[in-house]
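> Fold the following.
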Amino acid sequence: MKKLLLYLFLGFTLVGFSQTTLIPDPNFEQALIDLGYDTAPINGSVPTANISSVTFLDVRSKNISDLTGIEGFNTLTTLYCYNNQLTSLDVSNNTALLGLYCYNNQLTSLDVSNNIALTYLRCNNNQLTSLDVSNNTALNYLYCDDNQLTSLDVSNNTGLFTLYCYNNQLTSLDVRNGNNFIIDGFATTNNPNLTCIYVDDADYSNANWPNIDPNSTFVENEAECEALSIGDNTLELDVFIYPNPIDDYLFIEGNKNPVSISIYNLLGAEVIAKSATDKINVSELSKGVYIIRISDGINQTNKRFIKN
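Next up is the predicted model:
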């Protein structure tokens, strides 16, 4: 009986010591060998006991195309895997992650819904078409620029300090997290179809976040965005308005003389109507964004301006 128990004990011990995690990418395994978590030769696996307590992993710039095996690093808090050839990345088992640096890869999707402790996410310079960070309520820094994102909602990310989402295909961006005043890094340029950026306070955003496209406008609700359907569409009428933003007089220059001019607030209400003129006094208008519609009697154009 004692011998049987001894054999069972030794058997379980050997199984425990022999447990491995598959590492199918040889470049990933070589990186782990270089870091001392595995030993040569490359055999497609690493002892699980060697990686299960690792909190920091740096495998950047190793020409890795498959990070399968990362799930074995279940106590990982920081992962550097940027400058590789990754097309997919599964960090669903890495629930302790605080920082994920996976930029400069070829990722087409990224699921961080299980990484609720995440505070720093750099996934820029990939091929992402969508990104859901609604579960990442601890997120402070989000760099998702240079992707193919069409929409982004960070309204749940109340601790956000930095948001860079320029060079995408955004048509929708919601930043109404109730804490916009702590965001000191913000850039949305080169999103040609992004008309409305939803924010807590449009005046604050206009004053503090200059890095947006001329065609983008900060709005606080859907009604204001709908009012922008008046838009910046030009129908054969070449008109330039200045200065913008403006304090008192708005000047109009163009290839034809205007016949009628109307100014609307973002609720769609007409606040100023003028006949032919090239200068309008807007000093009595409240601060905010307005739309001016200029017509020569046949064609018309609509421009947005900011009243200081």
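> CA only for contacts and neighbour counts going forward, please
Noted.
> so who does the closest residue to residue 251 other than its chain neighbours touch?
Leaving aside its sequence neighbours, residue 251 sits nearest to residue 279 (CA to CA, 6 or more residues apart in numbering; 4.6 Å). Shown in contact with residue 279 (CA atoms under 8 Å, 6 or more residues apart in numbering): 249-252.
> Please narrow those residues to those residing in strands.
Among the contacts of residue 279, DSSP state E puts 249-252 in strands.
> picking that back up, any idea how far the residue nearest to residue 251 lies from residue 164?
Residue 279 sits 38 Å away from residue 164, going by CA to CA, to the nearest Å.
> just to revisit the earlier point, from the contacts of residue 279, keep the buried residues only.
250-252 (16 or more other CA atoms under 10 Å).
> which of those lies closest to residue 55?
residue 250 (58.7 Å; CA to CA).
> My guess is the closest one contacts residue 261. True?
No. Residue 250 lies out of contact with residue 261 (CA atoms under 8 Å); the separation is 11.7 Å.
> ok, so of the buried ones among the contacts of residue 279, who is nearest residue 303?
Residue 303 lies nearest to residue 252 out of the buried ones among the contacts of residue 279, by CA to CA, at 10.8 Å.
> partner residues bridging that closest one?
Beta-bridge partners for residue 252, by DSSP bridges, are residue 241.
> list the contacts for residue 167?
Here residue 167 is in contact with 145-148, 188-191 (criterion: CA under 8 Å, 6+ apart).
> I should have written residue 101 there, sorry.
Shown in contact with residue 101 (CA under 8 Å, 6+ apart): 79-82, 120-123.
> what's the answer for residue 198, then?
Here residue 198 is in contact with 173-176, 218-221 (CA under 8 Å, 6+ apart).
> nearest to residue 100, of these?
Distance to residue 100, by CA to CA, is smallest for residue 175 among the contacts of residue 198, at 21.5 Å.
> Quickly note the distance from that closest one to residue 21.
Distance from residue 175 to residue 21, by CA to CA: 40 Å.
> Now do the helices in the stretch 201-308 of the chain.
For the stretch 201-308 of the chain, the helices defined by DSSP state H, counting those that start in this stretch occupy 202-208, 222-227.
> In CSV, list the contacts of residue 279 along with distance to residue 71 and pLDDT.
Output for these, formatted as CSV (distance: CA to CA, whole Å; pLDDT from 0 to 100):
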residue, distance to residue 71, pLDDT
249, 62, 93
250, 60, 91
251, 62, 90
252, 61, 87
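> okay, among these, which ones form the most distant pair?
For those, the farthest-apart pair by CA to CA is 249 and 252; their separation is 9.9 Å.
> isn't residue 51 right next to residue 71, touching?
No. The pair residue 51 / residue 71 is not scored as a contact, 9.8 Å apart, by CA under 8 Å.
> more neighbours, these two?
A count of neighbours by other CA atoms under 10 Å puts residue 51 above the other of residue 51 and residue 71, at 23 against 19.
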